[in-house]
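Colleague: Here is a sequence with its predicted model. Questions after.
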Amino acid sequence: MLFNQSFNAIYSRCKSTNCELFCINLLKSYCLPLILYAREVLSPNNRNMVMLNKAIDSAVNKVFSIYDRGNISYICEALELCT
C-alpha cells in the first residue's frame, strides 16, 4: 500500500512532463526500496514474489500506458525493474 501511495504521488507530478524515463528513475529511487526492503534477509515465497511483480507491472502499465503482458515484461527487463 505504501508503494502505491508513493508511486501515485510521483506519477501525478511526472504526468505533465511526458518523460517516462524520468518517472521510472524516480520509481526506482523512491518506490522500489519500499517494497524490496529486507528482501535479502527474508526468503519470500512465490505468492509474495507475484505480489511484488504485480505492483511493479501496474506502475509500468500506468507510466507507459501499455496493457500487453509481453511488452510490460520487456520494459521491466530493459529498465532493470525485475525483482
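Modeller: Cool, got the structure.
Colleague: how about the helices of this structure, start to end?
Modeller: For the chain, applying DSSP state H gives helices covering 2-14, 20-26, 32-36, 46-64, 69-78.
Colleague: Columns mean neighbour count and mean pLDDT on top of those, output as a markdown table?
Modeller: In this view, the C-beta of every residue, glycine as well, is placed from N, C-alpha and C. Formatted as a markdown table, those follow (neighbours: other C-beta atoms under 10 Å; pLDDT from 0 to 100):
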| stretch | mean neighbour count | mean pLDDT |
| --- | --- | --- |
| helix 2-14 | 15 | 90 |
| helix 20-26 | 16 | 91 |
| helix 32-36 | 15 | 86 |
| helix 46-64 | 16 | 89 |
| helix 69-78 | 13 | 91 |
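Colleague: so how far is Ser16 from the residue nearest the centre of the chain?
Modeller: Geometric centre of the chain, nearest residue: Ile56, 3.0 Å, by C-alpha atoms, centre = their mean. In this view, Ile56 and Ser16 are 23 Å apart by C-beta to C-beta, to the nearest Å.
Colleague: Let me see the contact set for the residue of the chain positioned farthest from its centre.
Modeller: Centroid-distance maximum for the chain: Val41 at 20.9 Å, with C-alpha atoms, centre = their mean. The contact partners of Val41, by C-beta atoms under 8 Å, 6 or more residues apart in numbering, come to none.
Colleague: Quick check on it: phi, psi?
Modeller: Phi and psi for Val41, reported as degrees, to the nearest 10, are phi -80, psi -40.
Colleague: Can you check the pLDDT for it?
Modeller: Looking at Val41, its pLDDT stands at 73.
Colleague: circling back: quick one, phi psi at the closest residue in space to the residue nearest to the centre of the chain that isn't next to it in sequence?
Modeller: Leaving aside its chain neighbours, Ile56 sits nearest to Leu81 (5.5 Å; criterion: C-beta to C-beta, 6 or more residues apart in numbering). Phi and psi for Leu81, reported as degrees, to the nearest 10, are phi -100, psi 0.
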